[in-house]
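# my questions concern the predicted model and sequence given below.
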Amino acid sequence: MAHGAEESGWKNRDVIDILGFTKNELLDLFEETDKFVEQGSDFGEPLRHKIVATAFFEPSTRTRLSFSSAALRLGAKVIDLSAEVSSLMKGESFADTIRMLEAYSDLIVVRHPSEGAALFASEISSKPVVNGGDGSQHHPTQAMLDVYTVNKLKGGVDGLTYALVGDIKYARTATSFLYALTKFNPRRVYAVCPEALRPRAEVLKRLEGLGLRVELGLELEDIIGELDVVYATRIQKERFPDQSEYEKVKGSYRLARTVMEKAKRECIILHPLPRVEELPYELDSTPHAAYFKQAAWGVPLRMALLKLILGG
Amino acid sequence: MDSHTGSETMIVQRIANGTVIDHIPSGKALAVLKLLGDPHVKGFRVALVMNVSSKKMGKKDIVKVEGVELSDEQVQRLALVAPQATLNFVRSYQVVAKRNVSPPSVVVGLLKCVNPTCITVKQREPVYSTFLLSSQAPLTYVCRYCGRELGEYEISSQVQ
C-alpha cells in the first residue's frame, strides 16, 4: 500500500459512507484500480471461491452491473436478489433478507430507498456490506469512482475548482462527492442549483465541520470560466415528497452548449448517469465529456474494491 | 437556589422527602412534570415555580416533588428537556445529595427520527433509533442512520 494505508484495514471491511475512508486509503484504492485499467483482461480469478450478492431494492443499471461485472472478472460468482420476485413481495423484512444473504454469500452489495439501510445491514451481517446507495444519503463507491476519474484525468484532486450542478439536495451522488472532497484540498466548490435543491442543512453543517465551504447562489454562466470540474446530476424526481415541487424545477440547470463554450478547454464534465434533460447529447463529442470514461472505470474501481475486501 | 423575583422573595414550602429539580429552562416546568409521569395527578405534593430570575440562566423554572425520586430513564429524559438541570435529593428537609444532569452522548430507542424515509421509522424492522449528541447549546442530536438533526423543540416534544 503505497500511501501508507494498512492493507489489513480493507479485509472484510464494510463500505457504508465515503467519510469512513482516509485520503491515503482512497489513493491506494486508485492505485489498485489503475492496475486493473492497465491490465485490461485476464485477471487470474483471485476471487474464484467467493460469492457476491447484489440486493437492489431500487432500480440500478451501472452500480449493479458494474459490481456484477467486477465480481465475474475476478472469478467470483454473483447471486442477485430481485425485489420484485422475492419474498419481499410476501412481506419479508429487510433485516431477514439480509440475514439470508449473509448465509448465502461472502459480500453483500445493497441499495435501498431508506437512508441508513446499509448501516443497518452491516450491523446485522457478519459478512461485509457495501452500500450501493441508501436513499438520498450515501453512495460511497460512486464517490470513489468520481474522485478516481478526477484524479486520473486532472492528475490530482487538490487545487481544482468544482461546481456541482442540478439536484444537490436529493442526489446522493452529489452529497457523497462533496463528502469525498473533504478528504482533499479543492480550491473552490460551488453548488449551482435552485434554492429548493440546495444541499440539506445538516449536510452543509457537516461539510463545514469538515472544513469544506460550499458556495451557493451563483449562476453557472458567472463561474464557468474558472471551473476545472463540472459535476452534473439528474433531478431526482422519485425523491421529491411533493411532485408539484418537482414540476417547478425540472428542466432547470441544463448544461447548454453555449455555456460550456465559455469553459476552459480542460474543464471536464462528470455525471453519475442516467441523464435526462440536464446533459444534452451534443456535449458528448466535446473534450469536456468525461462521463462515459467515468462510467467505464466503475468496473475496475469496483474490482479493486472487491479484491481489497475479499482477497488476500 | 436563587428563586426570587427582584427584591421580593417567593416563598415555596419546603418538602420533607423528595426531589427538587432546579435550573429548568423557563417555560419547561410543565414538560418536566409530564415526563415525571404527572405526579400531581397521582396525589403527590408538587410545587412549580416558573419564570424566576436566575444568575446562571436569566430566567428559570423549578419543580419540587414530594415523595418522588427519579429513575435513571427519567433522568435521561430530563437531560433532554432541561440539559442544565440540577437535582437536589431531599430527606427530612435536608438536601442529602445533588446531581447535575447532562445530555447523554448517545440516546437509543427514546427519540424518533423525523425523516420519513429513515430506516429506523420503517415498520417491522428490528432497528432502534440511535441519536448522537452533536451540540449541547442549542441541544441538537443527529440520527446515526440518516444524519437528520433533531433540535430542541423536536426533542422536547418527543420526550414528553
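Happy to help now that I have it.
# only C-alpha atoms from now on, for both contacts and neighbour counts.
Will do.
# who's in contact with whatever residue of the stretch 201-312 of chain A ends up closest to chain B?
Nearest residue of the stretch 201-312 of chain A to chain B: residue A:202, at 6.6 Å (CA to the nearest CA). When contacts are counted by CA atoms under 8 Å, 6 or more residues apart in numbering or on different chains, residue A:202 touches B:147-149.
# following element in sequence after the longest helix belonging to chain B, please.
Assignment by DSSP state H gives helix B:72-81 as the longest helix of chain B. Going down the chain from helix B:72-81, the next helix or strand is strand B:86-91, by DSSP states H and E.
# mind listing the strands that following strand pairs with, and their directions?
Looking at strand B:86-91 with DSSP bridges, its partner strands are strand B:18-25 (antiparallel), strand B:94-100 (antiparallel).
# a markdown table for these, including mean pLDDT and mean neighbour count?
What follows is the strands paired with strand B:86-91, written out as a markdown table (pLDDT from 0 to 100; neighbours: other CA atoms under 10 Å in any protein chain shown):
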| stretch | mean pLDDT | mean neighbour count |
| --- | --- | --- |
| strand B:18-25 | 95 | 24 |
| strand B:94-100 | 93 | 13 |
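# nearest to residue A:198, out of those strands?
Nearest to residue A:198 among the strands paired with strand B:86-91 is strand B:18-25; the distance by CA to CA comes to 34.2 Å.
# output the contacting helices and strands for the following helix or strand past the closest one.
Sequence order places helix B:29-35 as the next helix or strand after strand B:18-25, per DSSP H and E. For helix B:29-35, the packing partners by 3 or more CA pairs under 8 Å, 6 or more residues apart in numbering or on different chains; DSSP states H and E come out as strand B:46-54, strand B:58-66, helix B:72-81.
# make TSV out of those and add mean neighbour count, distance to chain A and mean pLDDT.
What follows is the helices and strands packed on helix B:29-35, written out as TSV (neighbours: other CA atoms under 10 Å in any protein chain shown; distance: least, CA to the nearest CA, whole Å; pLDDT from 0 to 100):
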stretch	mean neighbour count	distance to chain A	mean pLDDT
strand B:46-54	18	32	92
strand B:58-66	21	29	94
helix B:72-81	21	20	91
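# and for the longest helix of chain B, what's in contact with it?
Outside helix B:72-81, the residues that reach it (CA under 8 Å, 6+ apart) are B:28, B:31-32, B:35-36, B:85, B:101-104, B:139, B:152, B:155-156, B:159.
# and the two most separated of these?
Comparing every pair within the contacts of helix B:72-81 by CA to CA identifies B:36 and B:139 as the most remote, at 20.3 Å.
# give me the helix or strand of the chain that scores worst on average pLDDT.
You didn't say which chain, so I picked chain A. Least confident helix or strand of chain A, by mean pLDDT, DSSP states H and E, is helix A:243-249 with a mean of 72.
# nope, chain B please
Lowest mean among helices/strands of chain B [mean pLDDT, DSSP H and E]: strand B:4-5, a mean of 46.
# so what touches stretch A:217-230?
So stretch A:217-230 is in contact with A:150, A:160-165, A:190-193, A:195, A:259-260, A:262-264, A:266-270, going by CA under 8 Å, 6+ apart.
# swap the cut-off to 10 Å and go again
Defining contact as CA atoms under 10 Å, 6 or more residues apart in numbering or on different chains, one finds that stretch A:217-230 is touched by A:150, A:154, A:157, A:159-165, A:187-195, A:198, A:253-255, A:258-271, A:288-290.
# now the buried members of the residues you listed.
A:150, A:154, A:157, A:160-165, A:188-194, A:198, A:253-255, A:260, A:263, A:267-271, A:288-290 (16 or more other CA atoms under 10 Å in any protein chain shown).
# care to break the chain down by domain?
You didn't pick a chain, so chain A it is. Using automatic domain parsing, the domain parsing of chain A gives A:7-138+A:297-310, A:140-295.
# ah, no, chain B please
Split by automatic domain parsing, chain B gives B:4-100, B:106-159.
# identify whichever of the ones you listed lies nearest to residue A:124.
The minimum distance between residue A:124 and those falls on domain B:106-159, with 9.8 Å, by CA to CA.
# can you give me how far the closest one is from the chain middle?
What separates the centre of domain B:106-159 from the centre of its chain is 17 Å, taken as CA atoms, centre = their mean, to the nearest Å.
# for stretch A:299-306, same thing?
Between the centre of stretch A:299-306 and the centre of its chain there are 13 Å (CA atoms, centre = their mean).
# no further queries at this time; thank you.
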